[in-house]
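# Sharing a model that was predicted from the sequence below.
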Amino acid sequence: MSRRLNLAFAGTLACLVAGCATQSKPTVTTGRRIPKVRTTAYTHHEGGSGAHNAIGTYLSGREVLSAASDWSRYPLGTRFRLAETNEEYVIDDYGNALVGTDTIDLYKPNRSEVNKWGVRYVDIDILQWGSEEESLKVLAPRCRHSCVKKMVVALEKKKGKTVAQNTSRHPPVSN
């Protein structure tokens with residue numbers, strides 16, 4: 001009897017562990033840790049940024065926070081977690097000063113939080129890589145801006161194709 005009870009207990013425990021494992025959030029083992037990423041902070045009160053991100057939705061300061069980057073380095077939709085604070089961010093914005101850098105700009109709800117953050121080098125855990133294709137869809141119509149043009153050129157080099165040539169309203173992008 002004791003052997004059956006032990007087997008039943010072991011089976012129940014195995015099912016419980018397996019069930020929990022399939023519901024956990026992504027971790028370093030399922031994602032990728034990038035050490036010492038340069039981060040800065042911004043808020044919607046800064047000149048030019050407004051309350052909306054590059055895709056037209058409101059900048060988020062809630063559960064998953066907004067962040068900006070060079071989309072050829074960290075594409076639109078990239079989700080990551082700051083290792084030291086466990087805050088989750090999604091790349092949904094870009095900025096002129098970020099193009100050509102590996103810096104990620106973290107959205108903060110007010111100027112005081114921006115100043116408190118300053119510039120920090122932090123480890124990030126990539127939870128999900130964004131889409132270079134979606135990044136190009138958003139950026140291609142905006143190629144008249146030099147910072148956008150640089151991101152598009154870098155993304156096209158990665159993909160080995162010229163998306164800008166496929167848009168009839170815009171001339172081809174060249175180096």
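Thanks, I have it.

# Could you give the bridge partners of D105?
With DSSP bridges as the criterion, D105 is bridged to T40, A68.

# wait, it sits on N96?
No: using CB atoms under 8 Å, D105 is not in contact with N96; the gap is 10.8 Å. Every C-beta, even on glycine, is put in place using the N, C-alpha and C of the backbone.

# neighbour-wise, which of the two wins?
D105 (25 against 11; other CB atoms under 10 Å).

# Distance of that one relative to P141?
23 Å (CB to CB, to the nearest Å).

# burial of the spatially closest residue to R120 that is not a sequence neighbour, as a residue count?
Using CB to CB, 6 or more residues apart in numbering and skipping the chain neighbours, the partner closest in space to R120 is T39 (5.3 Å). By the criterion of other CB under 10 Å, T39 has 20 neighbours.

# Report pLDDT for T39.
pLDDT, T39: 97.

# OK, contacts around it?
82, 103-106, 117, 119-122 (CB atoms under 8 Å, 6 or more residues apart in numbering).

# Buried among those? Make that a ChimeraX selection.
Of those, the buried ones can be selected in ChimeraX as follows, counting by 16 or more other CB atoms under 10 Å:
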select :82,103,104,105,106,122
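
# In helices, which of the contacts of T39 appear?
With DSSP state H as the criterion, helices contain W117 from among these.

# Of the contacts of T39, which is the nearest to S131?
I104 (17.1 Å; CB to CB).
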